[in-house]
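# Generate coordinates for the sequence data below:
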Amino acid sequence: MIMALNLLNIFYSNSRLGIDYQAIDELNFLIKEKIINFSENKLAELMEFYKIIDKLKNEEIKEFDYQGGQIRHMSLKILGEKLLRNLNKKSKIENIFHNRYPDLISSDKQIIIECGDTDPNKIIEYFNLSVVKIFILPYPDNESDFLYFYEFTCNKKN
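The predicted structure is shown next:
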């Protein structure tokens, strides 16, 4: 149950409306059974998130480059893009992938990043489409000095 509560905070970090409890329970089961690996990782200091928001507001960073979502969502996309660069991956923003528009996808289509509130069903859907890693970047918890990202990988048995 503790994991399920953590998953709620990850996938529904901004709003508790429309929670898909069945999807959360299913994902929790897959993690407990070690079918899906799950880890928490530091992404950035919380102040970096707010500095990016200021740059977007001051138009030092152009919003149209990070289309889709409110300014806080765009800030997460910018941090996600930086994360992919640190992994030596080029990224595409809001690019169609099997009738979905992930916030970010690596050019080799192996890593997907979803930002903010995210449908937990996407995890299983993306793994079924041969994605190797999925990162979820939830909205920040202002009680922490850091932003975190959550990595999901699948233990597929071929």
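
# Which residue is the nearest non-sequential neighbour of the residue positioned nearest the centre of the chain?
By Cα atoms, centre = their mean, the mean C-alpha position of the chain lies nearest to residue 136, the distance being 2.1 Å. Leaving aside its sequence neighbours, residue 136 sits nearest to residue 150 (Cβ to Cβ, 6 or more residues apart in numbering; 4.5 Å). For every residue, glycine as well, the C-beta is placed using N, CA and C.

# Partner strands of whatever helix or strand that neighbour lives in and their direction?
For residue 150, the enclosing helix or strand under DSSP states H and E is strand 146-154. Counting by DSSP bridges, the strands paired with strand 146-154 are strand 36-45 (antiparallel), strand 133-137 (antiparallel).

# Only C-alpha atoms, please: export that strand in CSV.
Extracted C-alpha coordinates of strand 146-154, given in CSV (Å, rounded to 0.1, in the frame of the first residue of the first chain):
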residue,chain,number,x,y,z
PHE,A,146,15.0,18.9,-5.0
LEU,A,147,13.0,17.8,-8.0
TYR,A,148,12.9,14.0,-8.6
PHE,A,149,12.3,11.9,-11.6
TYR,A,150,11.0,8.3,-11.5
GLU,A,151,12.5,5.7,-13.8
PHE,A,152,10.5,2.7,-15.0
THR,A,153,12.1,-0.2,-16.9
CYS,A,154,10.6,-3.5,-17.9
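
# and the longest helix seen in the chain, what other elements does it pack with?
Counting residues, the longest helix found in the chain (DSSP state H) is helix 71-86. Contacting helix 71-86 under the criterion 3 or more Cβ pairs under 8 Å, 6 or more residues apart in numbering; DSSP states H and E are the following elements: strand 36-45, helix 46-57, strand 91-93, strand 104-106, strand 111-115, strand 133-137, strand 146-154.

# Give me the distance between that helix and the centre of its chain.
10 Å (Cα atoms, centre = their mean, to the nearest Å).

# Go through it and flag the buried ones.
Residues 72-81, 83-84 are the ones in helix 71-86 that count as buried (16 or more other Cβ atoms under 10 Å).

# Name the residues that touch it?
Under the contact criterion Cβ atoms under 8 Å, 6 or more residues apart in numbering, helix 71-86 has outside partners 43-44, 48-50, 52-53, 56-57, 61, 63, 66, 68-69, 90-91, 93, 103-104, 106, 111, 113, 115-116, 135, 137, 139, 147, 149.
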